[in-house]
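Asks: Have a look; sequence and predicted model below, questions after that.
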Amino acid sequence: MISFHLDARSGIAPYLQIVGQVRQALLLGLLSEGDKLPTVKEVVAKVAINPNTVSKAYRELEHLGLAAAKPGVGTFITRSLGQASLAEHGPLQQELRGWLAKARAAGLTEPGIDAMFQNTLREKVEEKI
Amino acid sequence: MNPVLQAHALGKRYGQRQALADCTLEVPPGRVVGLVGPNGAGKTTLLKIACGMLAPTTGRIEVLGEQPAAGPAQLARVGYVAQDTPTYASLSVADHLKLGAKLNPRWDAKLAQARIDQLGLEPKQKAGKLSGGQRAQLALTVAVAKRPGLLILDEPVASLDPLARRDFLRHLMESVAENDTSVILSSHLVSDLERVCDYLIVLVASRVQLAGETEDLLAEHYRIVCSRRQDTDLPPELDVIWSEHTGRQSTFIVRSQTGLPAGGWPAEHLDLEDLVLTYMERSAGRGRRTATRTTGDAR
Amino acid sequence: MIWLTWRQFRAQALAALAILAAAAIYFLITGLQMHHAYSADLAACTPHHDCSDVLSRFGQSYDGELNLAQLLVIAAPGLIGIFWGSPLIAREVETGTDQVAWNQSVTRTRWLAFKLAGVGIASIAAAAVLSYLLTWWAGPLDHINGSRFAAVTFSSRDIVPLAYAAFAFALGTTAGLLLRRTIPAMAVTVAVFAGIQILVPTLIRPNLLPSTTVTFPINKTTASRFTGVYTSDGGAEINIDLPVPQGAWVISAPPVEDSSDQVVAGYLHSDCLFPNTSGPPTKTGAPPVSQIAACLARYHLHQSVTYQPASRYWPLQWYETGIFLALAAALSGTSFWWIRRRRN
């Protein structure tokens, strides 16, 4: 069963962190279709966070089509995003390589690239939700 | 849905000292409410009035729709753990559970026992011999097992070490998830509140400075760092909460319920600690500082 | 609430039971001995008609023990007030456990009612046991003394100690509630209780019921009833022992006064008092009382005595009990009123 953690300093809303961690687990193949997510009670008993946060995260996962709740039984993953999916996105990775080269050429150092990436990613994530 | 706590112009005066003034609140149910403010701001006073230990001198308050401590039925619906989580030093852990069972009609003995087992507390041990964290957990168990609709906790983790603090909050959240209890929790440690509270009340200098859903409050406040200008130079829909001006630069903390106006404002959101500190500083009168350098860079 | 009251009181109750058991054993063992010795002495002296001397010596031999026992029985309610009353509420407020107790599903008044009733009844019971034991134990001694009206005696017999216990307990709890600290409450309880125990026997008790005052003019006829004459205050006053009903409580016996109610100076009448010598007489040289009285008759003097007859003992006990119970009730009422105020 997946276990969650909260990064208080990340600036990302707690429920989004949970969504992100589920996604991450799916991408890495640690979770797959049919796996049961821990109950809200189980999550908050391990990680001292508000139960509403967990509920909201699970609702978001449902909204994204990644999970579905079965009343009285629990919340289950409905889709796998295994290692294969990373391989599927070869063209995307190619694009990224190209962009990195451009950024380097423009004079951005690695920390600068990382900062720009994190910022943009955060904006994107918050915008979407 | 009926608010768990409704206060209108609530005030409490001790002789010359006004401990609480003009508090108006409407707290929705199903939340974990963080009551935050500096020491002496009136947090304990507000919580004691809410659970019926104190009577207000002005205004009115309703908790779960009734007067606080109006009778045994109302007392059964509200659980309270006072500051420093008092317990009966000469009574054992098992005695405390028996106390709860005898004095509360809706006592959940199985829940209480399960929690004690989970915490690893010895039933025969006297409460006076427990560690601070264990005493806090015991006090919480007694309050939770009576199945209240609202749990009021006054700085329950202030004197606990970080591990005990985390354990306490985990226990509390588990109870909330299990029983769907509303919680009002006061603290002067904002970091704890960030994890668990979805509703925030900032109490400074006996007054409510800010109250609302944490998420909304965080979304409505911005920090704007721009070239030196007056508060009034900002668009009117931005409510300036705090500002600081140095030679070339002004920093504003603003609140807007309608988002930022167009114009590419260099704004970012605050984290909870900064938000609370802003309101605390504002109340302390430190909101309008202007530092001019002798070279007169002010523009 | 009964369980909680008992559980919190348990240690004190067990300590009290131990003390009471020890007291009971002491009183029973020594008391049976004393009662037995008394009967034996009484049987021995009656044929010889010197019982008053024998019994007076008997009584004196137990003086120390009697005083100690009486003081303990009077102190017991005070101790109950300090150790059971003062901490009852004050301790809870000091340790913060009032915030635990008053947020369970019982109202404060119910909480207070059970605690006051539970420990209050225990207080009264403890005092009752001590009083009963002492009253039985001191039976022969009280008989020798003639009455139980002496201040310390009256306060440690029969039913008044129960009322003192109720009062001291109520005093302790109310002080604890108002002062919110155990030690100051204890101090106040001791001070007030001690003060009352000094005031009541001297000022209140004699006036609870109307007393009887008898005035005897001093002349040859009345002299036959006098039992003794003596001077006091260095000769400034004359006192005559007057007959009072058996077992009565002499409240006051002022010195001899003249017809205008002025105290008569003894040395003015030394010719009557000390006719044979120029100074106070020795025992063997004292003139008989009748002669002195006949001599003084022409000055129209009189002496009064104020007393309560023996039959007033039980009414006084009941009256005093009533007063202290009323005080206890008033204090308890104050506690209930105060605890509802929530002014903190």
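Replies: Yep, that arrived.
Asks: what about the strands in the chain?
Replies: Just going to use chain A. Along chain A, counting by DSSP state E, strands occupy A:36-37, A:67-70, A:74-77.
Asks: think we crossed wires, I meant chain C
Replies: C:212-217, C:228-232, C:237-241, C:249-252, C:302-308.
Asks: how about these in JSON lines, adding mean pLDDT and distance to chain B?
Replies: The C-beta positions use only the backbone N, C-alpha and C, and glycine is treated the same way. Compiled in JSON lines, these are given as follows (pLDDT from 0 to 100; distance: least, CB to the nearest CB, whole Å):
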{"stretch": "strand C:212-217", "mean pLDDT": "84", "distance to chain B": "55"}
{"stretch": "strand C:228-232", "mean pLDDT": "75", "distance to chain B": "59"}
{"stretch": "strand C:237-241", "mean pLDDT": "78", "distance to chain B": "59"}
{"stretch": "strand C:249-252", "mean pLDDT": "86", "distance to chain B": "48"}
{"stretch": "strand C:302-308", "mean pLDDT": "85", "distance to chain B": "49"}
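Asks: picking up where we left off before, export the strands of chain A to a markdown table and tack on distance to residue C:10, mean pLDDT and mean neighbour count?
Replies: Formatted as a markdown table, the strands of chain A follow (distance: least, CB to CB, whole Å; pLDDT from 0 to 100; neighbours: other CB atoms under 10 Å in any protein chain shown):
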| stretch | distance to residue C:10 | mean pLDDT | mean neighbour count |
| --- | --- | --- | --- |
| strand A:36-37 | 51 | 90 | 20 |
| strand A:67-70 | 52 | 90 | 16 |
| strand A:74-77 | 48 | 89 | 18 |
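Asks: Looking at the strands of chain C, which is nearest to residue B:159?
Replies: With respect to residue B:159, and counting by CB to CB, the nearest of those is strand C:249-252 at 63.2 Å.
Asks: quick one: strands adjacent to that closest one?
Replies: For strand C:249-252, the paired strands and their directions (DSSP bridges) are strand C:302-308 (antiparallel).
Asks: ok and the strand it pairs with relative to strand C:237-241, angle-wise?
Replies: 60 degrees (axes from the mean of the first three to the mean of the last three CA atoms, to 10 degrees).
Asks: residue in the stretch 101-250 of chain C nearest to chain A?
Replies: Closest to chain A within the stretch 101-250 of chain C is residue C:103: 24.0 Å, counting by CB to the nearest CB.
Asks: can you pull the contacts of that residue?
Replies: B:51, B:52, B:53, B:75, B:78, B:79, B:80, B:143 (CB atoms under 8 Å, 6 or more residues apart in numbering or on different chains).
Asks: quick one: residue B:197 and residue C:133, what's the gap?
Replies: From residue B:197 across to residue C:133, the span is 64 Å (CB to CB, to the nearest Å).
Asks: top helix in chain A by residue count?
Replies: Counting residues, the longest helix found in chain A (DSSP state H) is helix A:110-128.
Asks: actually chain B, not the one I wrote
Replies: Max-length helix for chain B by DSSP H is helix B:162-179.
Asks: so how far is that helix from its chain's centroid?
Replies: 16 Å (CA atoms, centre = their mean, to the nearest Å).
Asks: From the contact counts, what lies against the following helix or strand past that helix?
Replies: With elements assigned by DSSP states H and E, the helix or strand that comes after helix B:162-179 is strand B:182-187. Here strand B:182-187 touches strand B:32-36, helix B:43-51, strand B:150-154, helix B:162-179, helix B:190-196, going by 3 or more CB pairs under 8 Å, 6 or more residues apart in numbering or on different chains; DSSP states H and E.
Asks: Quick one: residues contacting the most centrally placed residue in chain A.
Replies: In chain A, the residue lying closest to the centroid (CA atoms, centre = their mean) is residue A:20, at 1.8 Å. Going by CB under 8 Å, 6+ apart, residue A:20 touches A:12, A:125.
Asks: and it, how far is that from residue A:29?
Replies: 16 Å.
Asks: ditto for residue C:227
Replies: Relative to residue A:29, and taking CB to CB, residue C:227 is found at 119 Å.
Asks: And the longest helix of chain B, what's buried?
Replies: Under the neighbour-count criterion of 16 or more other CB atoms under 10 Å in any protein chain shown, helix B:162-179 has B:164-179 buried.
Asks: Now narrow those to whatever sits close to chain A.
Replies: B:166, B:169, B:170, B:171, B:172, B:173, B:174, B:176, B:177, B:178 (CB under 8 Å from any CB of the partner chain).
Asks: Could you report the neighbour count for residue C:108?
Replies: Burial measure for residue C:108: 18 neighbouring residues, criterion other CB atoms under 10 Å in any protein chain shown.
Asks: Residue A:116: neighbour count?
Replies: Neighbours of residue A:116 (other CB under 10 Å): 12.
Asks: right, I mislabeled it, should have said residue B:227
Replies: Residue B:227: 10 surrounding residues under other CB under 10 Å.
Asks: and the residue nearest to residue C:144 when sequence neighbours are not counted, how far is that from residue C:201?
Replies: Nearest non-adjacent residue to residue C:144, counting by CB to CB, 6 or more residues apart in numbering or on different chains: residue C:59, 4.1 Å away. Plainly put, residue C:59 is 21 Å away from residue C:201 if you go by CB to CB.
Asks: what's the answer for residue C:81, then?
Replies: 18 Å.
Asks: related to what we said a few turns ago, can you list the strands of chain A in CSV and add distance to residue C:327?
Replies: Shown next, in CSV, are these (distance: least, CB to CB, whole Å):
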stretch, distance to residue C:327
strand A:36-37, 69
strand A:67-70, 69
strand A:74-77, 67
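Asks: Same list (those strands) but as a markdown table, adding distance to chain C.
Replies: As requested, those are exported to a markdown table (distance: least, CB to the nearest CB, whole Å):
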| stretch | distance to chain C |
| --- | --- |
| strand A:36-37 | 37 |
| strand A:67-70 | 36 |
| strand A:74-77 | 35 |
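Asks: Indicate which one of those strands is closest to residue B:70.
Replies: Per CB to CB, nearest to residue B:70 of those: strand A:67-70, 39.2 Å.
Asks: by contact count, what packs against the closest one?
Replies: helix A:51-63, strand A:74-77.
Asks: List the residue ranges of chain A that fall below the pLDDT cut-off.
Replies: Along chain A, segments meeting pLDDT under 70 span A:82-88, A:128-129.
Asks: Can you tell me which residues in chain B are near chain A?
Replies: So far as CB under 8 Å from any CB goes, chain B lies against chain A at B:30-32, B:166, B:169-174, B:176-178, B:191, B:194-198, B:215, B:269, B:271.
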